[in-house]
Each structure stands twice: as structure tokens, then as C-alpha cells.
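J.: one predicted model, sequence on top.
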Amino acid sequence: MTWSDVYLICFLVGFALSLVSFLGGTHLHLHLPHAVGHHAGFAGGHHGGGRGTTVSRINFATVTAFLAWFGGTGYLLSLYSGASFPLVFTVAGVSGLAGAAVVFWFVAKVAVFLYFYLWFRASWPRYRYDQLMKLGWQILLPLSIANVIVTAVLVLVLGPKG
């Protein structure tokens, strides 16, 4: 038995279990409480005050997908990785560097924006509580009431469009 056979068996088992999971519906979630015959329910588990059993952290669909991916990838690499491996490795490396460059460029732009935003924000003095109250009651509230009145007059004069 070679490594190719091990990978092929892993792939076939994972694919078969994924197929069973797919045919069983979207809510087929086999984990330990279901397998032993009890379920935590809403009152048990991690959120119910200690009653019931806890839900397993190993999801059945995740295990089957991992088996299928691991097995299929291992099988294909063990059979066809001879001459094409340097080419595939180079293409993967270049695409990884390109992806890293895109992520780096995005992070750099965010960092520059944050630097200038914080610099601008820190250069202005902070308002005290009494200054904020004066601004709100004596300036912003009359401006908002004037805005409502002007908008109402414009709607009455010009009429609604429609």
C-alpha cells in the first residue's frame, strides 16, 4: 500500500460521507450527543445552566470535507507532481506574492488614512461639556428648526414633484 492508495481511500471516504450528508439534507449535523442518543436542547449545553450534554466541537461536514480535500489533493500530488511541481510551485508562489501585495497595498492605504485622520482629529481642541451644550442648544437646534421651516415653505411654494 503506497501513499497514493492512502490518499485515494481518504478521498473516497470523505466524498462518500459528503454525498451522504448532501443527500440527507442541509441539517444533517452528526456530533457526539446525537450519536449517543441525547441532545442538549435549548436548556442544556453551554447556555443552559449545566443541564444536558455539551455539543461536540467537531462538525461532521467539516470532517468529511477535510477528508475529501486532503485525500484528493494528496492523491493528485502523489501521482502527478513529478515534472510539473516546479512550475506549479512557481505559479503558486507568484500568485501568493501578488495576493500579498494587494493585501499590503490595502493595509498601507488604511494606515495612511488613519494616520491623517488621527492627526487632524488630534490637532483640534476638545470641547468641554458646557461648550457642547451651548453649541447644541444655541446654534444647532435653531439651525435645525430653520431647516424644517425652509423645507416646509419650499414644499408649499414649489409643490411636490410626482
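T.: Alright, I've got the coordinates. Numbering: from 1, shown residues only.
J.: show the average pLDDT along the host helix or strand of Y117.
T.: Element membership for Y117 (DSSP states H and E) is helix 85-123. If you average the pLDDT over helix 85-123, you get 86.
J.: and the closest residue to I9 other than its chain neighbours, how many neighbours?
T.: Nearest residue to I9 in three dimensions, chain neighbours excluded: G71, at 7.0 Å (Cβ to Cβ, 6 or more residues apart in numbering). For every residue, glycine as well, the C-beta is placed using N, CA and C. G71 has 20 neighbouring residues, counting by other Cβ atoms under 10 Å.
J.: quick check: domain ranges of the protein?
T.: Domain assignment for the chain by automatic domain parsing gives 3-81, 82-124, 131-162.
J.: all the helices of this protein, residue numbers only.
T.: 3-24, 32-36, 60-80, 85-123, 129-134, 141-158 (DSSP state H).
J.: show me what the helix holding Y117 is packed against.
T.: Using 3 or more Cβ pairs under 8 Å, 6 or more residues apart in numbering; DSSP states H and E, no helix or strand is in contact with helix 85-123.
J.: going forward, count from 215.
T.: Understood, numbering begins at 215; the last thing we discussed is helix 299-337.
J.: ok and it relative to helix 274-294, angle-wise?
T.: Relative orientation of helix 299-337 versus helix 274-294 (axes from the mean of the first three to the mean of the last three Cα atoms, to 10 degrees): 130 degrees.
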